[in-house]
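Colleague: Fold the following.
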Amino acid sequence: MSVDGTGVTQLTKAPSNDFAPAWSPNGTLIAFDRDLNGNNFEIYVMKADGTGENQLTNDPGGDLSPDWAPDGAKVVFSSDRSGKDELYVMNPDGTGAAALTRDPAGALFPDWSPDGKKIAFVRSNDIYVMNVDGTAATRLTRTTGEDIDPAWSPA
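Modeller: You can find the predicted model right below:
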């Protein structure tokens, strides 16, 4: 839709629920996760007009919360394919998926920094930031509540 709320257009038409849309840096693609059967999430990508839908992941574990690298070369996402929630990175066509985190506390809700050097994420209800290769995770919040779904300022 337009920023003023007009021109609402439905892009997906699957009988399942679709979540967490993420625009590619060049604005031509949208990555999102789809709940295929009530608890099996996979990551899809489609053109910005809703055509050309393509499933990127196909794993018994749930794949969620895709986010594009600022240069569009990679997509980071959460998955429980290892038995607990961790962060993975893959090519925009779904190939080359590799784990970024391996921590007993897990990791969720990744968000790539605008400069492409860091990824913010959630671990044990606190927000962390790490290098894009998964190293040097640093805890940013320390609250008794839940800190979830981090987002970077564009500047």
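Colleague: which residues sit in contact with the spatially closest residue to N40 that is not a sequence neighbour?
Modeller: Spatially, and ignoring its direct neighbours in sequence, N40 is nearest to G62 (6.4 Å; Cβ to Cβ, 6 or more residues apart in numbering). The C-beta positions use only the backbone N, C-alpha and C, and glycine is treated the same way. Counting by Cβ atoms under 8 Å, 6 or more residues apart in numbering, G62 touches 39-41, 79-80.
Colleague: next one: E42
Modeller: The neighbourhood of E42, defined by Cβ under 8 Å, 6+ apart, consists of 33-34, 36, 55-59, 63.
Colleague: Put the buried members of those residues into a ChimeraX selection.
Modeller: Buried members of the contacts of E42, defined by 16 or more other Cβ atoms under 10 Å, are picked up in ChimeraX with:
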select :33,34,36,56,57,63
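Colleague: Show me the contacts of E42 that map onto strands.
Modeller: For the contacts of E42, the ones inside strands are 33-34, 55, 63, with DSSP state E as the criterion.
Colleague: A14: which of those is nearest?
Modeller: R34 (6.4 Å; Cβ to Cβ).
Colleague: Touching, that closest one and N40? I think so.
Modeller: No - with contact defined as Cβ atoms under 8 Å, R34 does not count as touching N40 (9.1 Å).
Colleague: and the residue minimising distance to the centre of the chain, what pLDDT?
Modeller: Nearest to the geometric centre of the chain sits P66, at 2.0 Å (Cα atoms, centre = their mean). For P66, the model assigns a pLDDT of 98.
Colleague: Quick one: classify the closest residue in space to it that isn't next to it in sequence as helix, strand or coil.
Modeller: Closest residue to P66 apart from its sequence neighbours, by Cβ to Cβ, 6+ apart: A31 at 3.9 Å. Assigned state for A31: strand (three-state reduction, DSSP: H, G, I helix; E, B strand; the rest coil).
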